[in-house]
Each structure stands twice: as C-alpha cells, then as structure tokens.
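>>> below is the structure, and that's it, no one-letter string:
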C-alpha cells in the first residue's frame, strides 16, 4: 500500500503522579513470586491509521495535536508517538 502510515501513541502517567493501578499490579506480581519486579506504571496505547498519500510532516503535526489535546491529559500524563510508514 503506497503511502500507508500508522501512528502508535503511548500515554503514561507522569512520574510525579501516583499510579495506584500500577502499584497494585506490581504488588500482585511480587506476590506471585516475581521478586525482580520493582515498579509497574500503567498507561494507554492507541493505533491510528492514516490515509494513503498523506504528507508525513503534516501527519506528525496532526498526531502530536491529537495526542496533546485529546488522548492525553497534560496535567497528569505524558505522551509519545511513533509513525510507521
């Protein structure tokens, strides 16, 4: 597929924000004998398909805007994304 792109967006809580769910998962893993696990942070993952022929630079700007304004809460979350061409 010529020009096909997919965006992979990862949203995670900022390190300064308590991650109660991650802490619970970590404690459960340690309770199951996974003693080398010291921390678990949970987050969200999004896959976004991009139309064929879209301009890569415009796609990066659009995905950044979507992640910043819609997918992540900038007060408590960080995000990063990759574009697969």
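Sure, I can see it. Since the structure is predicted, the reported quantities are computational estimates derived from the model, not experimental observations.

>>> quick check: end-to-end length of stretch 29-47?
End-to-end distance for stretch 29-47, by CA to CA, to the nearest Å: 28 Å.

>>> can you give me the strands in the protein?
Per DSSP state E, the chain carries strands over the ranges 5-13, 43-50, 77-84.

>>> tell me what the last one is packed against?
What that stands for is strand 77-84. In terms of contacts (3 or more CB pairs under 8 Å, 6 or more residues apart in numbering; DSSP states H and E), strand 77-84 is packed against strand 5-13, helix 56-66. C-beta coordinates here come from the backbone N, C-alpha and C atoms, glycine included.

>>> turn the strands of the chain into TSV, columns for mean pLDDT, mean neighbour count and distance to residue 64.
Converted to TSV, the strands of the chain look like this (pLDDT from 0 to 100; neighbours: other CB atoms under 10 Å; distance: least, CB to CB, whole Å):
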stretch	mean pLDDT	mean neighbour count	distance to residue 64
strand 5-13	97	18	9
strand 43-50	97	14	12
strand 77-84	97	14	7
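
>>> put together CSV for the ones you listed, with distance to residue 23 on each row.
CSV is the format used below for the strands of the chain (distance: least, CB to CB, whole Å):
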stretch, distance to residue 23
strand 5-13, 11
strand 43-50, 14
strand 77-84, 17
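
>>> which residues touch residue 56?
5, 83, 85 (CB atoms under 8 Å, 6 or more residues apart in numbering).

>>> from what I can see the second one touches residue 60, true?
Yes: using CB atoms under 8 Å, residue 83 is in contact with residue 60, at 6.1 Å.

>>> one step back: and the contacts of residue 56, which is closest to residue 68?
The shortest approach to residue 68 among the contacts of residue 56 belongs to residue 83, at 15.3 Å (CB to CB).

>>> any idea what that closest one is bridged to?
Listed beta-bridge partners, residue 83: residue 7 (assigned using DSSP bridges).
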